[in-house]
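Trainee: Task: produce atomic coordinates for the following.
(chains A and B)
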Amino acid sequence: MAYSDKVLDHYENPRNVGSLDKADTHVGTGMVGAPACGDVMKLQIRVNDDGVIEDAKFKTYGCGSAIASSSLVTEWLKGKSLDQAMTIKNSDIAEELALPPVKIHCSVLAEDAIKAAIADLKQKQAA
Amino acid sequence: MTVKTPIYLDYSATTPVDKRVAEVMIPYLTEMYGNPASRSHSFGWEADDAVENAREQVAALVNCDPKEIVWTSGATESDNLAIKGAANFYSGKGKHIITVQTEHKAVMDPFRELERQGFEATYLEPETNGLVTLEKFKAAIRPDTILASVMLVNNEIGVIQDISGIGAICREHGIIFHVDAAQATGKVEIDLEKLPVDLMSFSAHKTYGPKGIGALYVRRKPRVRLEAQMHGGGHERGMRSGTLATHQIVGMGEAFRIAKEEMELENARIRRLRDRLLAGLKDIEEVYVNGDLKQRVPHNLNISFNYVEGESLIMAVKDIAVSSGSACTSASLEPSYVLRALGRSDELAHSSIRFSIGRYTTEEEIDYTIALMKSKITKLRELSPLWEMYKEGIDISKVEWAAH
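Mentor: Numbering: from 1, shown residues only, chains lettered A, B, ... in the order given. The predicted structure follows:
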């Protein structure tokens, strides 16, 4: 399968790989996918007191497109408010990375990971 | 150390044509181009001589009568002719057929087709080492069983089935026994005079011959009958019509001649390389060899690297040409059905790599491969949330994953 240059770039040089402290009340963690399906994405965001995303980290078990999709969204998330982050669509990710139809699910997973991380954060901050 | 990349370690997918083979093929394209079925002139006679000489070479490797060899376009066609041809011919005797869950698609799909035609099929589950036990095989037999098909060497994990034992049981019960030996020629000794096998499929391109040519062994004593699947000029004693591809056939003959001559030395050399590869990889944490290591051809090493996804691994190691249990059925994202039949978890099936070593593999290439695998596995595990969880002591199998 031929990967686009952007997928290859993110895959070869993934941005923001790592973990944030999941106990921190400013950190939201989203874990989506399943090993059985061949993809698991863990996306973490840290917001400041103004609700702006200061940092984002990921770890992904999956194909090159899954790794690239999650790497890309960590770049996009930084500096965004939570509301802005919620507007990131899988189609934006797929378009930016020129994902073939068979890899669209990777971008869907990345969108799900953003939503899951934000939901986790809101739940923590409400508690 | 300079190694030319990419390194080819996918000899079970196909092999290069040996230069000696290519050389003997060429004159049959440009000079001796006669139709072997032409009886009225010397062009036909010389082509026919070449075809019969190749038939003897193929028969010599597997110790059978050349009259028992039928040319086909490859192992897929041989499997189809054997399975559908025998099942249809003997359908008056019964409707039950037996095979194994780890067979190649070229056996599985004809079985599915026969099921659509009204046959009943049993797909035996192998043990976790990939082998079928004689007890389990015997237990699957019914009074109306007419045909069984079990491969000699598995294409994904390289394990060698007990064809002799299974064949003996088939004889006892009057069951026609077909064996797919596409991955076996030149790797394990095949003696059809001793083996209780009725039909055996061969391919040229897995044994340094050209693609597009294969053969089916059809036993004469006791005689096995087939219903032809290809009708036409009545070539190959009516079993497979179509003008014979002389140059391809000559290539297969030469490839099998070389295999017979060089098999012993070559296998010893390849075994040393495979053991070197295994020794280099087994120190990595959380690696699992798929399939029995003893009952296995030396050419194959199939390993799962836990917590690393196969497709990304293949992408990381693009300097080596290998195949993945995750992507082996081409476009499909399903994990290997062969590894699943061994009871491997989806994760391990997704994380598997098949290395297959061959005639032109060098020690330098193996060492390069080991170093590359080690560095890329480390890199991908740093990226893997599953590896992180494993290191934190979390049992991944107990986590409830959101389905997607």
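Trainee: Helices of the stretch 251-400 of chain B, start to end?
Mentor: Ranges of helices in the stretch 251-400 of chain B, per DSSP state H, counting those that start in this stretch, are B:310-316, B:337-341, B:346-350, B:363-383, B:385-391.
Trainee: Export the ones you listed to TSV and append columns for mean neighbour count, distance to residue A:64 and mean pLDDT.
Mentor: Where you see a C-beta, it was placed from the backbone N, CA and C, and this is true even at glycine. Formatted as TSV, the helices of the stretch 251-400 of chain B follow (neighbours: other CB atoms under 10 Å in any protein chain shown; distance: least, CB to CB, whole Å; pLDDT from 0 to 100):
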stretch	mean neighbour count	distance to residue A:64	mean pLDDT
helix B:310-316	23	5	85
helix B:337-341	23	21	92
helix B:346-350	25	14	83
helix B:363-383	18	11	96
helix B:385-391	19	16	94
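Trainee: nearest to residue B:254, of these?
Mentor: Smallest distance to residue B:254 across the helices of the stretch 251-400 of chain B (CB to CB): 25.8 Å, for helix B:363-383.
Trainee: can I get the helices of the stretch 251-400 of chain B in JSON lines with distance to residue B:130?
Mentor: Formatted as JSON lines, those follow (distance: least, CB to CB, whole Å):
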{"stretch": "helix B:310-316", "distance to residue B:130": "18"}
{"stretch": "helix B:337-341", "distance to residue B:130": "8"}
{"stretch": "helix B:346-350", "distance to residue B:130": "13"}
{"stretch": "helix B:363-383", "distance to residue B:130": "22"}
{"stretch": "helix B:385-391", "distance to residue B:130": "25"}
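Trainee: Out of these, which is closest to residue B:231?
Mentor: Here helix B:337-341 is closest among the helices of the stretch 251-400 of chain B (CB to CB), at 33.1 Å.
Trainee: Chain A versus the residue lying closest to residue B:64 once chain neighbours are set aside, what's the distance?
Mentor: Distances taken as CB to CB, 6 or more residues apart in numbering or on different chains place residue B:192 nearest to residue B:64, at 4.1 Å, with adjacent residues excluded. As judged by CB to the nearest CB, to the nearest Å, residue B:192 and chain A stand 41 Å apart.
Trainee: which regions of chain A sit below the pLDDT cut-off?
Mentor: For chain A, residues meeting the criterion pLDDT under 70 lie at A:1.
Trainee: The closest residue to residue B:151 other than its chain neighbours bridge partners, please.
Mentor: Spatial nearest neighbour of residue B:151, chain neighbours left out: residue B:180 (4.2 Å); criterion: CB to CB, 6+ apart. Counting by DSSP bridges, residue B:180 forms beta bridges with residue B:201.
Trainee: residues contacting residue B:180?
Mentor: Residue B:180 sits next to B:75, B:78-79, B:103-104, B:106-107, B:149, B:151-152, B:200-201 when contact means CB atoms under 8 Å, 6 or more residues apart in numbering or on different chains.
Trainee: From those, which land in helices?
Mentor: Here DSSP state H is the test, and these give B:75, B:78-79, B:106-107 as lying in helices.
Trainee: Just name the closest of those residues to chain A, please.
Mentor: residue B:106 (23.7 Å; CB to the nearest CB).
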